[in-house]
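Q: A structural model of the following input is requested.
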Amino acid sequence: MKRSNLYGVSVGILVLCMLTAPVALSCDTALLIMDVQTYYLETSSLVNVDLQPVLPSVVSTIAAARAGGIQLIYIQTLDPQLPEDDPRLEFADGAEPVDGDFVVTKTGANAFVHTDLESILESQEISRLIICGLWTTCCVKYAVSAAGSRGFEVIVVADAHGDSVIRIGEIKTWNETWDAMNGVSVVRLADIDFSSFCP
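A: Modelled structure (predicted):
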């Protein structure tokens, strides 16, 4: 996987890298996978929050979306305190991108700010975003809000996002908050028929 060099640019600037040039799909839906990286899964244990139970749901979401013909877009945070080639910045086992997936790297919280993400979505004619990953109170929250404010239909996978600063039980409160927003739906993975988005 090629990764653009972020060092030497200001914090908050986001850039895009791709595994290979994806072929435009005849589908208006994409899956955003937020920051499912080894580093964040490891550091969550330092604050006594185990995010490992979230990983199988994320992996299952990725598999279901891929089987349904949905474009996958991985969001990856590069921590300026770590070397760019630090293996902990790579995606967690089972949640890695493959040829045809997009990877957007960032050093800030909001994947829509100073990035090519919107141009990717426009080029792929995406109007609906399904969102999963880490962190509920940061990158996932910003993605949901930014996507909704830009007119995208948003679906949050209720049981495929997590956070190290809130208890698992508090995820329900975030899900209820998002579900009350215009243009946002929160749905459990088992209740999402990914094949229905790309007939």
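
Q: Doesn't L32 lie inside a helix?
A: No. Counting by DSSP: H, G, I helix; E, B strand; the rest coil, L32 is located in no helix; its state is strand.

Q: That one contacts G133, correct?
A: Yes. Counting by C-beta atoms under 8 Å, L32 sits close enough to G133 to count as a contact (7.4 Å). From N, CA and C alone the C-beta is placed, and that goes for glycine too.

Q: so what sits against both of the two?
A: Taking C-beta atoms under 8 Å, 6 or more residues apart in numbering as the contact rule, L32 and G133 both touch I75.

Q: By residue count, what's the longest helix in the chain?
A: Scanning the chain for the longest helix, with DSSP state H as the assignment, gives helix 54-67.

Q: which helices and strands sit right next to it?
A: With contacts defined as 3 or more C-beta pairs under 8 Å, 6 or more residues apart in numbering; DSSP states H and E, the packing partners of helix 54-67 are strand 29-34, strand 71-77, strand 128-134, strand 153-162.

Q: Can you tell me the strand partners of the third one and which way each runs?
A: Based on DSSP bridges, the pairing partners of strand 128-134 within the sheet are strand 29-34 (parallel), strand 153-162 (parallel).

Q: what's the spacing between the residue lying closest to S196 once chain neighbours are set aside and G162?
A: The spatial neighbour of S196 that comes closest, neighbours along the chain excluded (C-beta to C-beta, 6 or more residues apart in numbering), is G68 at 8.0 Å. Distance of G68 to G162, computed by C-beta to C-beta, to the nearest Å: 23 Å.

Q: Same drill for those two, tell me which one is more crowded.
A: G162 (27 against 18; other C-beta atoms under 10 Å).

Q: Let me see the contact set for that one.
A: Each residue near G162 by C-beta under 8 Å, 6+ apart is listed here: 51, 53-54, 134-136, 168, 171.

Q: Neighbour count added to those, as TSV?
A: Below are these laid out as TSV (neighbours: other C-beta atoms under 10 Å):
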residue	neighbour count
L51	22
P53	10
V54	24
L134	27
W135	22
T136	25
I168	14
I171	18
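
Q: Does Y39 belong to a helix, a strand or coil?
A: With three-state DSSP as the criterion, Y39 reads helix.

Q: any idea how far it is from R88?
A: Distance of Y39 to R88, given as C-beta to C-beta: 4 Å.

Q: Where does the prediction get shaky in the protein?
A: Low-confidence segments of the chain (pLDDT under 70): 1-26, 43-50, 166-168.

Q: now the helices: where do they sit in the protein?
A: Going by DSSP H, the chain shows helices at 38-43, 54-67, 117-123, 141-149, 171-179.

Q: Compare these and give me the one nearest L189.
A: Distance to L189, taken as C-beta to C-beta, is lowest for helix 54-67 among the helices of the chain, at 5.7 Å.

Q: Which positions in that closest one come out as buried?
A: Residues 54-55, 57-62, 64-66 are the ones in helix 54-67 that count as buried (16 or more other C-beta atoms under 10 Å).

Q: Same question for stretch 86-103.
A: Taking 16+ other C-beta under 10 Å as the criterion, stretch 86-103 shows 89-92, 95, 97, 101-103 as buried.
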